[in-house]
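Novice: got a sequence here, can you model it:
(chains A and B)
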Amino acid sequence: MAQPAATVPDESAVQAQTPKKELGPVFKVAAGPTKYLDDRLGIAGLGRPFLRKVFPDHWSFLLGEIALYSFIVLLLSGVFLTIWFKPSMAEIEYEGTYELLRGIQMSEAYASTLGLSFDIRGGLLLRQMHHWAAAVFVAAMLTHSLRIFFTGAFRKPREINWLIGVAMLTLGIINGFTGYSLPDDLLSGTGLRFVDGLIRSIPVIGTWAEFFTFAGEFPGELIIPRLYMVHILLVPALLLGLIAAHLALVVYHKHTQYAGPGRTEGNVVGFPVFPVYAAKAGGFFLIVFGVLTLMGATMQINPVWVFGPYNPAEVTAGSQPDWYMGFVEGGIRIMPNWESHIGSTTWSWNVAIPGLGLMGLFFGLMAIYPFVEAWVTGDKREHHVLDRPRNAPTRTAFGVAAITGYSLLMIGGGNDLVATQFDVSLNAVTNFLRVAVFVGPVIAFLVTKRICIGLQRADHDRLIHGAESGVIDRAPSGKYSERHRPVGPGEAFRLTEHDETPALLPVTDVDGMSVREIQGEQLRRRATRFFFIDTLRRPTRAELEEAAHHRAHGHDEIGADGEHHAIEAEEEHHLAK
Amino acid sequence: MSDDTSHSRPGTEVATVDEERYPVPDPGLEPHIPRLTDVDERAANRATRQVATFFGLVPLLSIGFVVVYFAVPGNVWVDFGPLRANTRNLLLGLTFGLALLFLGIGAVQWARKLMDDEEKIDYRHSAASSDDDKNYMLTELDKVVDESKLTRRKIIGRTLLAALATILLPMIAGLADLGPWPTKKKRAETIERTIWAPGIRVVQDVTFEPFKPEDIEIGQLINAEPANLQDLHGSEYQIEKAKAAVIVVRMDPNTIKIPPSRQDWQIGGILCYSKICTHVGCPISLWEQQTHHLLCPCHQSTFDLGDSGVVVFGPAKRALPQLPIALDAEGYIVAQRDFTVPVGPSYFERDSRDDYEVGDK
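Specialist: Numbering: from 1, shown residues only, chains lettered A, B, ... in the order given. Presented below is the predicted three-dimensional model:
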């Protein structure tokens, strides 16, 4: 703080002693109850760190909030549904109000779902809200995880929170599946039939797992009560615990923030919880709740009465699971029919690899990525300023490759619809995808990496040459050039705040290292070259000063060969010892 | 967490911090730019009216919900072009959804337009504990170990570990009754047999009517079940139906391949196959008359019924099991016996050496 100048009159010292502000009427009314609570709970002390805690503002931080709020909507609407739903597979004859199914044999689970849809006022609304909220919940978690991934928010100290997130995503998908299996309609029964085949295919223990899951043969009479317990008790309890841990860690670490002037690794800039975030986040919860309600009112989802009760001898064409199972479904559909018959045993790779392997691969890769990257960079510092995706080209390329693979598998999950809607051969679609799921991600990786480096060059140009002003100068010789304006100090700082990790040459000074250590270090250094060798270096202080100097003397014509050579020559210095 | 302190930005003063790690000095936070509502009282009043209007609509919509709940009957439908919606469901959702939405929009608008929007700064501290805390924990934990006498009386620690490890055993063992154990005998009674038996009539799956060869035309496919399925109820019915479902097809005998070993499994081009896909067990039903292909709608495995049900495309590996059929005294189609191999998806203990493969006789 600057020292007050000597000329400040004495009155300012008097101003500092303004009388204590009179508290408003609400405070007076609340004083009694608050004192009662504080004497017993110490609420003032508990609330003190949170009342004015600062959170940064950015639209991409809302994705996780959507996940949280749709989970709350799931809990609320789910409680409503449990009041009438009967998780029983006992056969009854339907006598309800939906005339087309009267007199038909069905399970109590299906009959009570029809009852919820037709006889309970608001039942259909809540059923549809619940189903939409589940779809949105998983989608929001997935996009939130993409935001975290592409901005590098999983780096130290947040690796454990990333793992908690991966666990929640997995549990969310499992709970979605157990949920849409409950109504015991033809579609959900077909889904269970698929799960039965999937469990059976597990090598060695598959049949045991099947008999233990279904209490004997498929479908049996216990699977729906069991899934109900998993759906409304086991997984929600786990999710609630993980959400609490996830949010506690967000508070403890303080939220990450995007680069910008005044925003550093040492601070967090934003608005306080009260009043701004209480209104914004509370309001956003109500907006999410409201939108899900409007979706439940106007957008039909899972009309179980159209599908009819489950019948193990029937299936509808175009049977698709909920969207989040789509990539597994795609894997199952495009997998070649590999199966080994060894002695009297059957090894069903065609089901086990895509069915179990794909989920394991996806969530496994997600879980280990932060640790792989930390090992490659050897970085032990804390990171609170987010990366722009372009400044981590290899990470961004990995992410886009994963999205590409996921999307191609998702298309595979609807290969029959692709074939009928686009009038192409189903077999051609399947065969194409069998290749594309491997080639597509590689192409996406290479293209993304080049795009990122291109964007880095654009940033570099802005820093060195300045921003295009749109003003064209004509020299006496007739040569045209565009005038460039230097970027402001804030933007210059934002464009150069990111970290740089060098690509390392193989280690030569190996004194005192064991063979294992040398091998490990060489592998790590090779990985740094793969990750960082073609990342554009940000300009150094000297280069920026020189560019500024250069501009000051009027040599800022774009297209001047000398300057472009300067950029390329600089790339050759990437390798550091 | 308790030492968090907010520091509002000191005036409009901009602090430039130059750090070695950044090539450009940090110019500090941008000066706060007031919003229109900060400088124009009319704009602020307008924003206030907007917020109050959003909040003011909520009671109306909430009351509207209650009115709809009690007043609108459940059997009225409203059409929007090709769409058809239940009026009560629609109005309940619209009133409640808009009430929530307006409440939320009002709150967000209040925060965006009227609440102070000067950004504040919190300072971070490392996630790691202070050295003081670490040292305290280490010395005190050392004392804890001492005071517990664990290091002197090691047997306590060892037996405690053994006890804790084995206490899990009852919890795991208690799950052994999750389902019957699929021993060889149990499998033979369950997943390796169906209720097909010698002389059981093949009947249509909805009407349970038996049928004769002359009832089926060339190219026709009939979804069928064993006649004795009708005697079962509840879960037993579902379990047996999930295995016993079959399809009966009639093809021109001159256009199909029937291996010598299966010549007497069919009646003049009428063949009977399991309807349960050998991939993951969907009932297969999409029949291509001309090619004799049967397509599973779940994962598009395609079987050639003109060639003993072998797989021609898709993720399934094994041919569809064929049911040997014959005629009974009255001329109705009956099963000669149960399937020769287990139907449905693969499992580890399945002996798949007897399944039909291309080239078998």
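
Novice: what about the stretch 301-450 of chain A, any weak spots by pLDDT?
Specialist: Applying pLDDT under 70 to the stretch 301-450 of chain A flags no residue at all.

Novice: hmm, 80 instead?
Specialist: A:316-319 (pLDDT under 80).

Novice: same check on chain B?
Specialist: B:1-21, B:83, B:361.

Novice: care to break it down by domain?
Specialist: B:36-120, B:188-354 (automatic domain parsing).

Novice: let me know which of those is tucked in deepest.
Specialist: Mean neighbour count (mean count of other Cβ atoms under 10 Å in any protein chain shown) peaks for domain B:188-354 among these, with a mean of 19. Every C-beta, even on glycine, is put in place using the N, C-alpha and C of the backbone.

Novice: what's the per-residue pLDDT of the residue of the stretch 151-300 of chain A found nearest chain B here?
Specialist: Nearest residue of the stretch 151-300 of chain A to chain B (Cβ to the nearest Cβ) works out as A:Ala297 at 2.0 Å. Here the pLDDT value assigned to A:Ala297 is 95.

Novice: repeat that for A:Ser12.
Specialist: Model confidence at A:Ser12, given as pLDDT, is 48.

Novice: picking that back up, export the domains of chain B to CSV and tack on distance to chain A?
Specialist: Formatted as CSV, those follow (distance: least, Cβ to the nearest Cβ, whole Å):
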stretch, distance to chain A
domain B:36-120, 2
domain B:188-354, 3
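
Novice: so where does the residue of the stretch 151-300 of chain A closest to chain B fall, helix or strand?
Specialist: Here A:Ala297 sits within helix A:278-298, counting by DSSP states H and E.

Novice: what helices or strands is that helix leaning on?
Specialist: Based on contacts counted as 3 or more Cβ pairs under 8 Å, 6 or more residues apart in numbering or on different chains; DSSP states H and E, the elements that helix A:278-298 packs against are helix A:62-82, helix A:123-151, helix B:87-113.

Novice: so which of those helices gets nearest A:Ala547?
Specialist: Proximity to A:Ala547 (Cβ to Cβ) singles out helix A:123-151 among the helices and strands packed on helix A:278-298, at 28.3 Å.

Novice: what residues sit buried inside the closest one?
Specialist: Across helix A:123-151, burial judged by 16 or more other Cβ atoms under 10 Å in any protein chain shown covers A:123-142, A:144-151.

Novice: might one say that B:Pro260 is in contact with B:Ser308?
Specialist: No. Distance between B:Pro260 and B:Ser308: 11.4 Å, which falls outside the contact criterion (Cβ atoms under 8 Å).

Novice: domain ranges for chain A?
Specialist: Using automatic domain parsing, chain A is parsed into the domains A:54-257+A:268-360, A:462-576.

Novice: please identify the most buried of those.
Specialist: domain A:54-257+A:268-360 (a mean of 20).

Novice: now the end-to-end length of that domain.
Specialist: Terminal residues of domain A:54-257+A:268-360 lie 38 Å apart, using Cα to Cα, to the nearest Å.

Novice: before we move on, back to that, reformat the helices and strands packed on helix A:278-298 as CSV; add distance to A:Val166.
Specialist: Putting the helices and strands packed on helix A:278-298 into CSV (distance: least, Cβ to Cβ, whole Å) gives the following:
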stretch, distance to A:Val166
helix A:62-82, 13
helix A:123-151, 7
helix B:87-113, 30
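
Novice: mind checking which of these is nearest B:His125?
Specialist: In terms of Cβ to Cβ, the element of the helices and strands packed on helix A:278-298 nearest to B:His125 is helix A:123-151, at 22.0 Å.

Novice: now the element after that closest one, going C-ward?
Specialist: helix A:159-180.

Novice: that next one versus helix A:123-151: what angle between them?
Specialist: Helix A:159-180 and helix A:123-151 are oriented at 150 degrees to each other (axes from the mean of the first three to the mean of the last three Cα atoms, to 10 degrees).

Novice: for helix A:159-180, C-alpha coordinates in PDB please.
Specialist: Output in PDB follows, covering the C-alpha atoms of helix A:159-180 (Å, rounded to 0.1, in the frame of the first residue of the first chain):
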ATOM      1  CA  GLU A 159      -5.600 -35.700  -9.000                       C
ATOM      2  CA  ILE A 160      -7.600 -37.400  -6.200                       C
ATOM      3  CA  ASN A 161     -10.600 -35.300  -7.000                       C
ATOM      4  CA  TRP A 162     -10.300 -36.400 -10.600                       C
ATOM      5  CA  LEU A 163     -10.400 -40.000  -9.500                       C
ATOM      6  CA  ILE A 164     -13.500 -39.300  -7.400                       C
ATOM      7  CA  GLY A 165     -15.000 -37.800 -10.500                       C
ATOM      8  CA  VAL A 166     -14.200 -40.900 -12.600                       C
ATOM      9  CA  ALA A 167     -15.800 -43.100  -9.900                       C
ATOM     10  CA  MET A 168     -18.900 -40.900 -10.000                       C
ATOM     11  CA  LEU A 169     -19.200 -41.100 -13.700                       C
ATOM     12  CA  THR A 170     -18.900 -44.900 -13.600                       C
ATOM     13  CA  LEU A 171     -21.500 -45.100 -10.800                       C
ATOM     14  CA  GLY A 172     -23.800 -42.700 -12.600                       C
ATOM     15  CA  ILE A 173     -23.800 -44.900 -15.700                       C
ATOM     16  CA  ILE A 174     -24.400 -48.000 -13.600                       C
ATOM     17  CA  ASN A 175     -27.300 -46.400 -11.800                       C
ATOM     18  CA  GLY A 176     -28.700 -45.200 -15.100                       C
ATOM     19  CA  PHE A 177     -28.700 -48.800 -16.300                       C
ATOM     20  CA  THR A 178     -30.200 -50.200 -13.100                       C
ATOM     21  CA  GLY A 179     -32.900 -47.500 -13.300                       C
ATOM     22  CA  TYR A 180     -34.100 -48.100 -16.800                       C
END
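
Novice: that's all I had, so thanks and see you.
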